[in-house]
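**Q** I would like to see how this sequence folds:
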Amino acid sequence: MATTFSHTLRSLRADNFRGSIWLVLLGVLALIFWFGWFFFAQILIYSTSQSASLQSSNRAVAVFPLSEVKRLHPGQTARLQLAGLENNGTITGRVSNIEQTAQGLQVSLDLQPAPDVPVQLQNGMSGSVKIEVEQVSPATLVLRAIGAAPGGQVVFLAP
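**A** Okay, the predicted model is just below:
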């Protein structure tokens, strides 16, 4: 049976679109927040050493690949992660000196051991070092991944 025209107009007048409008506004607000994060959030980029060892309780030496020569310089913040102490063995420090050797870049670190490190630091303890080399936005990372930003390169992952 067909609906009469007057019943159809009455149904249209009775419909309430407030719920739909709120959902659209909520979606627009979420999109604005995402764009803000995408362009303005800062992500730390680290360079990781091939090896590192303690020279004393407040000094360490790490070896980095030669390809990192342009990214590393004195004064950068570093984190030494001692082998076997993954949860509690992180010591912060700063890059004090960089020398180019046959093995790679030898980076000297001045450490600031925290009092809560659970073990006594001894010469020769090994681990790895992460040095903060830059802060970039997620948008910059995406542009680098597609090769459209300075310093970017296209990386293909094998299946």
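**Q** pretty sure Leu141 is in a strand, no?
**A** No: assessed by DSSP: H, G, I helix; E, B strand; the rest coil, Leu141 does not belong to a strand; its assignment is helix.
**Q** what are the ranges of the helices in this structure?
**A** Listed in chain order, the helices of the chain (DSSP state H) span residues 5-14, 18-40, 138-145.
**Q** got a markdown table for these, with mean pLDDT, distance to Phe64 and mean neighbour count too?
**A** No exception for glycine: its C-beta is placed from N, CA and C like everyone else's. Supplementary listing: the helices of the chain in a markdown table, determined by pLDDT from 0 to 100; distance: least, Cβ to Cβ, whole Å; neighbours: other Cβ atoms under 10 Å:
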| stretch | mean pLDDT | distance to Phe64 | mean neighbour count |
| --- | --- | --- | --- |
| helix 5-14 | 70 | 70 | 9 |
| helix 18-40 | 92 | 30 | 10 |
| helix 138-145 | 88 | 20 | 15 |
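**Q** quick one, which of these gets closest to Leu66.
**A** Each of the helices of the chain has some distance to Leu66 by Cβ to Cβ; the shortest is helix 138-145, at 21.0 Å.
**Q** report all helices and strands that that closest one contacts.
**A** Other elements packing on helix 138-145 under the criterion 3 or more Cβ pairs under 8 Å, 6 or more residues apart in numbering; DSSP states H and E are helix 18-40.
**Q** spell out which residues make up each domain of this structure.
**A** 5-40, 44-115+123-144 (automatic domain parsing).
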